[in-house]
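> fold the following for me, if possible:
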Amino acid sequence: MSLLERVIRRARAARHPNVLVGPAPEGALTDWNVPVRVRDGTTLRVNVFRPASNQPCPVILSAHPYDKDQIPARTGRVNPQYRVFLQPAPVRLSAWTSWEAPDPAVWVPRGYAVVNADLRGGGTSEGTGELFSDQEAEDYYDLIEWAGTQPWSNGRVGLDGVSYLAISQYKVAALRPPHLAAICPWEGLSDLYRDFARPGGVREDGFRIAWSKLTAHAARMRGSIHEEVHRRTERDAWYQAITPQLERIQVPVLVCGSFSDHSLHSRGSFEVWRRAGAAERFLYTHRGGKWCEYYGSDATETRVRFFDRYLKQQDNGWERRPPVRLAVYEEGSLPVAVTQEAGFPPPDLTWTKLRLSPGKLDSGGAEPHATEAFALPDGSVAFDWLIPHDMDIIGPMALQLPLELRDTVDAHLFAGVRKLRNGREVLFEGSFGFASDMVTRGWQRAAHRELDQSLSTEILPVHRHDRPEPLRPGEVVPVHIALLPHATRFRKGERLRLELRGKWHYPRNPFYGQFPTGYQSSPPGTCVLHLNDEAHLLLGWRPVPA
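Okay, here's the model as predicted:
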């Protein structure tokens, strides 16, 4: 897409966002700003939408700090973010739909009550809130118990919603409220440090700042996420306290793992799939737009079947299906294949170590050891693999780099994988509506190279981030970089290119960059890669079905 085309696309979206707002469901019963008193005496308020039959029904609940009453039916407009973060397909929702929340027009006609809540400090709720906090989880617990004991409730509550409406589900699910029956966190980070604020130990300096300011404007909040992240370079006790205990989640979980949100929610969603304690866990993957996918027909019908099984207790065969919906992409935002899998990554992958040698990746035997050096932060180095036959490369990738630093004791390393066809890059949907993204990427601060052995696997290195280990002059150390999950089809003769550099891959520009994403660049110096037997990229693949 040319620069002119991008400018035109953004200008059109700013004037006419790709959102189609339909009417509210006819005949639904509505209760606006219902007070709910939580355990410390604070009053939170909720909107309730339910079937006209007035019979007990299951409940879909969401909670957020963004003001539940900011809906098209009252404001006459859609959320301004739709004008900035472009979607590759229309977003279809009703006039009662709150920001990133379940649409009452979907659920009420299907026999569900929809409850949309203002968290403490948000909208019409009392008090001062604190994002990611235990207090927030306790408030949510009390909301669930309230919803599960109303005359119009059948006593089974499910949680649903996107982004922070997904994030807020984890801590409360770990508290195990009695009336909580299932959760559907749709694209939500689960570890603020590792997933978003400082992935790989590298500080995010784009969306984090904007989101912190917008949230502070929308709600009464205690503290500042922006300030805390800026001053806390390690994953200390504060970060650990706000990180949910995923292993304590026991109710059935349907989690959305996006391949198009690598700069925000992808890692955390796949960690929920990997680590949640629930015996019944299900994963829905995609590489489309965040909101057009969530409100789209396929995702909606998937969520309906999930909640029909666990909230209505229908024997609809849901739990007998393979647990993973895998979407594979050859380019862009539309899948070339959608399959049902027994796990993620699928168990039938062949895992291959591609050895790094000057300019190329090779699955063959050993070659003479060499070195590759590049300047920090502005230099880069690339390694190509010529695809030998049609294949789907799926899952995370793990990069191991023996490296030495010169004229610096630390480095911020940015690893990216691109797909090239006939010498031109093939582009994919990415975070914040960026339609020119690469296949996948990872970040790593060299001084944060110590692994968390309790969470790491060969294909998924996880770092502790609790103390810096500056490199000494002449020291060669192994640095592991986790590249985020994806599912990409490569054809014979195409190239997979691994790129390493000391600063983010794209400019922070709304017309030709990945606005507003940005990361702290590396300190200046030289990075020397020692291309010995330990320098490799580990990936999983399988042949393209005939």
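
> rest of the way, CA atoms for contacts and neighbours
OK.

> how about the residue nearest to D390 when sequence neighbours are not counted, phi and psi?
Nearest non-adjacent residue to D390, counting by Cα to Cα, 6 or more residues apart in numbering: R491, 4.3 Å away. Backbone torsions for R491, taken as degrees, to the nearest 10, come to phi -100, psi 150.

> gap between R491 and E331?
12 Å (Cα to Cα, to the nearest Å).

> so S333 touches R287, yeah?
Yes. Counting by Cα atoms under 8 Å, S333 does reach R287; the two are 5.6 Å apart.

> so what's in contact with the two at the same time?
428-429 (Cα atoms under 8 Å, 6 or more residues apart in numbering).

> of these two, who's got more company?
Counted by other Cα atoms under 10 Å, S333 and R287 do not tie: R287 has more neighbours, with 25 against 21.

> distance of that one from L496?
Counting by Cα to Cα, the gap from R287 to L496 is 19 Å.

> same thing with V229?
34 Å.

> hang on, the earlier thing: R491 and E331: who's more crowded?
Per other Cα under 10 Å, whichever of R491 and E331 has more neighbours is E331, with 21 against 16.

> what residues are up against the more buried one?
Residues in contact with E331, defined by Cα under 8 Å, 6+ apart, are 426-428, 488.

> looking at the residues you listed, which is nearest P252?
Nearest to P252 among these is T488, at 28.5 Å by Cα to Cα.

> name the helix or strand for that closest one, please.
Element membership for T488, per DSSP states H and E: strand 476-490.

> return the list of strands paired to the helix or strand that that strand is followed by, each annotated with direction.
Using DSSP H and E, the helix or strand that follows strand 476-490 towards the C-terminus is strand 495-501. Paired with strand 495-501 in the same sheet, following DSSP bridges, are strand 380-386 (antiparallel), strand 412-421 (antiparallel).

> please identify the deepest-packed of these.
Among the strands paired with strand 495-501, strand 412-421 has the highest mean neighbour count (mean count of other Cα atoms under 10 Å), at a mean of 22.

> isn't P151 up against C57?
No. Judged on Cα under 8 Å, P151 makes no contact with C57 at a distance of 9.3 Å.

> compare neighbour counts for the two and give me the winner.
Each of P151 and C57 has its neighbours counted (other Cα under 10 Å); C57 has more, 26 against 12.

> list the contacts of that one.
C57 touches 111-113, 152-155, counting by Cα under 8 Å, 6+ apart.

> ditto for P368
Residues near P368 by Cα under 8 Å, 6+ apart: N532.

> okay, and G513 sits in which element?
Secondary structure (DSSP H and E) places G513 outside all helices and strands.

> contacts only, for it.
Applying Cα under 8 Å, 6+ apart to G513 gives the contacts 434, 506-507.

> again, 6 Å this time
Counting by Cα atoms under 6 Å, 6 or more residues apart in numbering, G513 touches 506-507.

> need the next SSE after the lowest-mean-pLDDT helix or strand in the chain, C-terminal direction.
Least confident helix or strand of the chain, by mean pLDDT, DSSP states H and E, is helix 3-15 with a mean of 77. Sequence-wise, the next helix or strand downstream of helix 3-15 (DSSP H and E) is strand 19-22.

> quick one: that next one to chain centroid distance?
With Cα atoms, centre = their mean, to the nearest Å as the basis, strand 19-22 stands 25 Å off its chain's centre.

> please shift the residue numbers so they start at 739 in all later answers.
Sounds good: first residue 739 from here, last item strand 757-760.

> contacts for that strand next, please.
Contacts of strand 757-760 (Cα under 6 Å, 6+ apart): 828-833.

> if you rank these by neighbours, which is first?
In terms of neighbours by other Cα under 10 Å, these top out with L831 at 24 neighbours.

> per-residue pLDDT, the nearest residue to that residue once chain neighbours are set aside?
If the residues on either side of it in the chain are set aside, L831 comes closest to V759, at 5.2 Å by Cα to Cα, 6+ apart. With respect to pLDDT, V759 scores 97.

> now do A1220
For A1220, the model assigns a pLDDT of 98.

> name the element the spatially closest residue to it that is not a sequence neighbour belongs to?
With sequence-adjacent residues excluded and distances taken as Cα to Cα, 6+ apart, A1220 is closest to A1136, at 5.0 Å. A1136 belongs to strand 1129-1144 when assigned by DSSP H and E.

> give me the helices and strands touching that strand, please.
Applying 3 or more Cα pairs under 6 Å, 6 or more residues apart in numbering; DSSP states H and E, we find strand 1129-1144 packed against strand 1214-1228, strand 1263-1269, strand 1274-1281.

> now flag whichever of the contacts of strand 757-760 is closest to H1201.
Closest approach to H1201 among the contacts of strand 757-760 (Cα to Cα): V829, at 37.2 Å.
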